[in-house]
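> just a sequence and a predicted model for now, questions to come.
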Number of protein chains: 2
Amino acid sequence: MSSFGYRGDVPESVPRRYHHGDLRRAVIDAAVAEVQAIGAAAMSMREIARRAGVSHAAPAYHFGDRAGIFTAIATEGFRLITETIAPVVGGPDGFMLGGAAYVRFALEHPGHFEVMFRPDLYHGDDPDLLAAREAAFAILYDTAEAAMPSDSAADITGLVIAGWSASHGFATLWLNSNLRDKLGPDPTTFAASIAGGMVTLGEIARRQLDGEAGSG
Amino acid sequence: MSSFGYRGDVPESVPRRYHHGDLRRAVIDAAVAEVQAIGAAAMSMREIARRAGVSHAAPAYHFGDRAGIFTAIATEGFRLITETIAPVVGGPDGFMLGGAAYVRFALEHPGHFEVMFRPDLYHGDDPDLLAAREAAFAILYDTAEAAMPSDSAADITGLVIAGWSASHGFATLWLNSNLRDKLGPDPTTFAASIAGGMVTLGEIARRQLDGEAGSG
DNA sequence: GCATCGAACTTGACAGTGGCAAGTCTTGCG
DNA sequence: CGCAAGACTTGCCACTGTCAAGTTCGATGC
């Protein structure tokens, strides 16, 4: 019946063959771009297929279903963020640099970042995903361990959670455009201001802990 | 033609009338529950209509479109979080209590919280929404201002961003189940550990700022 | 060179979705 | 009562993700 007639919206100039060559890669790239542009909810498999110049069901062949595409994106994202943070671990300022690298990753790969932290989108039991995520978490812990002051009585977990929360929260709020109108267009400009805020925040936290210990 | 035959999946026991009475409220409540249970992406207007016992197009009458429902949820969320934080502002521990209240709101109203910080879901130019959001932001600033140590040279904006980021990041990571397996089931248990982490984080930040000032 | 086998696609169908236009019921007000 | 307007219902459309079945093509073995 059919004789390979599908063309979608692909320009005539692009040579069309039955086998795409690297459809898996093309789908991920298009999906990340779509997530970044219009959000994960609005991302459509058929639209992605159209852009790649394949039929509407082709992406599902490689990824199983919609969640499969997001699983691949999240896995790639956890690998990328590990690569971003790993080089700065170990030095005296490793923890601050790690936090900055975390934020930088989020701002440079907003599509990946959005998917990574929305587990309802993907297959949470995928082995590759789990391994990539564990590796990323391990880097966080390493960074905290190396930066822990020798005279501090605080536990590592508390430091990891505090640092991770601060970095993650800033990145999230920034990407949601909740900070842009309050801080100006470029996030690196006010890094010092935020670091100062963290110092003050530490003082306030200490005051409260002392107060509890004294009155309790 | 028709004689008011629609019934959806509503139990027979529920008296059915043409006018629901408070469909607007019912739709918001059902939508929040759906977002909490299956995520905003999977929330369906038709499913909500079914649960409310009205026809599939009834919700759109009150909210215009899907984004209109999310706009109403976000607006309600910003009002609720303002009510949650407002009572704790002013005291010596106001900033820490405010952060705790912020996290508490997120964990108690995960449906609202998810929608509030995903602007791609709703109508960002809605006047009610903008007013509610500004009021919530104002409370954050008030809390920071009241808690600012008199001897601190840091600026308020830096403190607000640092505290907001930490609270927001923790809440987000917790709701994404990224912390649950690392911290145990109940977030209040390890509040002291996290506060200790914030103290350490402040020390690390100060060290880095001093280092930069010394070497630069 | 040639058959053939499996991977990489296409095609077509299905149930479900959001949005729109047009119709219908009901309440409240004169 | 009459009637206008608000609160819905109904039916339709284009679109979506998923599935089953068919088609094409490249590699492998002979």
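Thanks, I have the structure now. Just so we're clear, the structure is a prediction, and the values are computed from it rather than from any experiment.
> residues near the spatially closest residue to A:Pro187 that is not a sequence neighbour, how many?
With Cβ to Cβ, 6 or more residues apart in numbering or on different chains as the criterion, A:Pro187 has its nearest non-adjacent residue at 6.1 Å, and that residue is A:Trp174. Every C-beta, even on glycine, is put in place using the N, C-alpha and C of the backbone. Residues lying near A:Trp174 (other Cβ atoms under 10 Å in any protein chain shown) number 19.
> A:Trp174 is in what secondary structure piece?
helix A:156-175 (DSSP states H and E).
> ok, back up a step: list the contacts of the residue nearest to A:Pro187.
For A:Trp174, the contacting residues are A:103, A:106-107, A:180, A:187, by Cβ atoms under 8 Å, 6 or more residues apart in numbering or on different chains.
> scan chain A for its longest helix.
Longest helix in chain A by number of residues, with DSSP state H as the criterion: helix A:191-215.
> other SSEs contacting that one?
helix B:94-108, helix B:156-175, helix B:191-215 (3 or more Cβ pairs under 8 Å, 6 or more residues apart in numbering or on different chains; DSSP states H and E).
> run the chain-centre distance for the shortest one.
Between the centre of helix B:94-108 and the centre of its host chain there is 11 Å, according to Cα atoms, centre = their mean, to the nearest Å.
> any regions of chain A where pLDDT drops low?
Filtered on pLDDT under 70, chain A yields the residue ranges A:1-16, A:18, A:151-154, A:214-216.
> so how far is DNA strand D from the residue nearest the centre of it?
The C-alpha lying nearest the average C-alpha coordinate of chain A belongs to A:Phe113 (Cα atoms, centre = their mean; 2.3 Å). Between A:Phe113 and DNA strand D the distance is 21 Å, computed by Cβ to the nearest atom of the strand, to the nearest Å.
> near chain B at all, the helix or strand harbouring that residue?
Remark: A:Phe113 resides in helix A:110-116, with elements defined by DSSP H and E. No. Judged by Cβ under 8 Å from any Cβ of the partner chain, helix A:110-116 and chain B are separated, with a smallest distance of 9.1 Å.
> list the buried ones in that helix?
Buried residues in helix A:110-116, defined by neighbour count with 16 or more other Cβ atoms under 10 Å in any protein chain shown: A:110-116.
> and for stretch A:86-102?
Buried residues in stretch A:86-102, counted by 16+ other Cβ under 10 Å: A:86, A:88-89, A:93-102.
> what does it rub up against?
Residues contacting stretch A:86-102 (Cβ under 8 Å, 6+ apart): A:81, A:84-85, A:139-140, A:142-144, A:146-147, A:159, A:163-164, A:166-168, A:171, A:191, A:195, B:201, B:204-205, B:207-208, B:211.
> how about the helices and strands packed on helix A:191-215, which one is nearest DNA strand C?
helix B:156-175 (22.4 Å; Cβ to the nearest atom of the strand).
> can you name the next helix or strand after that closest one?
helix B:180-183.
> packing partners of that next one?
helix A:156-175.
> of all the residues in the helix it packs on, which ones are buried?
A:156-175.
> repeat that for stretch A:42-52.
Of the residues in stretch A:42-52, A:43, A:45, A:47-52 count as buried by neighbour count, 16+ other Cβ under 10 Å.
> using CSV, lay out the residues you listed together with distance to DNA strand D and secondary structure.
Shown next, in CSV, are these (distance: Cβ to the nearest atom of the strand, whole Å; DSSP: H, G, I helix; E, B strand; the rest coil):
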residue, distance to DNA strand D, secondary structure
A:Met43, 6, coil
A:Met45, 3, helix
A:Glu47, 5, helix
A:Ile48, 8, helix
A:Ala49, 8, helix
A:Arg50, 8, helix
A:Arg51, 11, helix
A:Ala52, 13, helix
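> which single one of the residues you listed is nearest to chain B?
Using Cβ to the nearest Cβ, A:Met43 is the member of those that sits closest to chain B, with 9.5 Å.
> now that closest one: how far from DNA strand C?
For A:Met43, the distance to DNA strand C equals 15 Å [Cβ to the nearest atom of the strand].
> chain neighbours aside, what residue packs nearest to that residue?
Nearest one to A:Met43, counting by Cβ to Cβ, 6+ apart, is A:Glu34 at 4.4 Å.
> that neighbour reaches A:Ala49, doesn't it?
No. In this structure A:Glu34 lies outside contact range of A:Ala49 using Cβ atoms under 8 Å: 11.6 Å.
> in chain A, which residue sits closest to chain B?
For chain A, Cβ to the nearest Cβ, closest residue to chain B: A:Gly202, 1.6 Å.
> list the buried residues of the longest helix of chain A.
For helix A:191-215, burial by neighbour count (16+ other Cβ under 10 Å) applies to A:193-209.
> helix or strand: which one has A:Asp125?
If you go by DSSP H and E, A:Asp125 is not part of any helix or strand.
> any idea how many residues pack against it?
Neighbours of A:Asp125 using other Cβ under 10 Å come to 8.
> contacts for whichever strand or helix holds A:Ile69, please.
Using DSSP H and E, A:Ile69 sits in helix A:66-85. With Cβ under 8 Å, 6+ apart as the test, helix A:66-85 has contacts from A:24, A:27-28, A:31-32, A:35, A:40, A:45, A:48, A:59-60, A:62-63, A:98, A:101-102, A:104-105, A:109, A:111-113, A:115-116, A:121-123, A:126, A:128-129, A:132-133, A:135-136, A:139-140, A:143.
> let's see that with 6 Å instead.
Helix A:66-85 is contacted by residues A:28, A:31-32, A:45, A:63, A:98, A:101, A:105, A:112, A:115-116, A:121-123, A:126, A:128-129, A:132-133, A:135-136, A:139 when judged by Cβ atoms under 6 Å, 6 or more residues apart in numbering or on different chains.
> just the buried positions in that helix, please.
A:66, A:68-82, A:84-85.
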